[in-house]
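*Asks:* Quick check, what structure comes out for this input:
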Amino acid sequence: MQVESTLTCPNCGFQASETMPTDACQFFYVCKGCGEKLKPLPGDCCVFCSYGSVPCPPVQQDGKGACCTE
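*Replies:* Residues are numbered from 1 along each chain as shown. From the prediction side, this is the model:
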């Protein structure tokens, strides 16, 4: 299971490598480039599933839909 993911801001394109929580979804992330507050896209459980290079650990382990619901 991978716990590092590179988040890419859809607003400015800034990329940051972040460690994902293994026991919870991360609903919000503030871009370190432009300050935009990112939230999951419809149908995604967290910002890593929407903007990350790797989906969150619960989705990696059990598949989409296994993680938190909005």
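*Asks:* How much space separates the residue lying closest to Cys31 once chain neighbours are set aside from Lys64?
*Replies:* In space, and not counting its chain neighbours, Cys31 is closest to Cys9: 4.1 Å by Cβ to Cβ, 6 or more residues apart in numbering. Backbone N, C-alpha and C define where each C-beta goes, glycine included. According to Cβ to Cβ, to the nearest Å, Cys9 and Lys64 sit 22 Å apart.
*Asks:* With neighbour numbers in mind, choose between those two.
*Replies:* Cys9 (19 against 12; other Cβ atoms under 10 Å).
*Asks:* The most centrally placed residue in the chain is in what secondary structure piece?
*Replies:* Closest to where the C-alpha atoms of the chain average out (Cα atoms, centre = their mean) is Phe48, at 1.2 Å. Secondary structure assigned from DSSP states H and E places Phe48 in helix 47-51.
*Asks:* Name the residues that touch that helix?
*Replies:* Residues from elsewhere that reach helix 47-51 (Cβ atoms under 8 Å, 6 or more residues apart in numbering): 5, 7-10, 18, 20, 26-29, 38-41, 44, 54-56, 59, 64, 67.
*Asks:* Count the residues that sit near Asp62.
*Replies:* 10.
*Asks:* The closest residue to Thr8 other than its chain neighbours - how many residues pack around it?
*Replies:* Nearest non-adjacent residue to Thr8, counting by Cβ to Cβ, 6+ apart: Gln15, 5.0 Å away. Counted by other Cβ under 10 Å, the residues lying close to Gln15 total 14.
*Asks:* residues contacting Gln15?
*Replies:* Counted by Cβ under 8 Å, 6+ apart, Gln15 has contacts Thr6, Leu7, Thr8, Cys9.
*Asks:* Show the contacting residues for the last one.
*Replies:* Listed by Cβ under 8 Å, 6+ apart, the contact partners of Cys9 are Gln15, Cys31, Gly33, Cys34, Glu36, Leu38, Tyr51.
*Asks:* The third one now?
*Replies:* Residues near Thr8 by Cβ under 8 Å, 6+ apart: Phe14, Gln15, Tyr51, Gly52, Ser53.
*Asks:* If we use 10 Å, what do you get?
*Replies:* By Cβ atoms under 10 Å, 6 or more residues apart in numbering, the residues touching Thr8 are Phe14, Gln15, Ala16, Cys31, Gly33, Leu38, Ser50, Tyr51, Gly52, Ser53.
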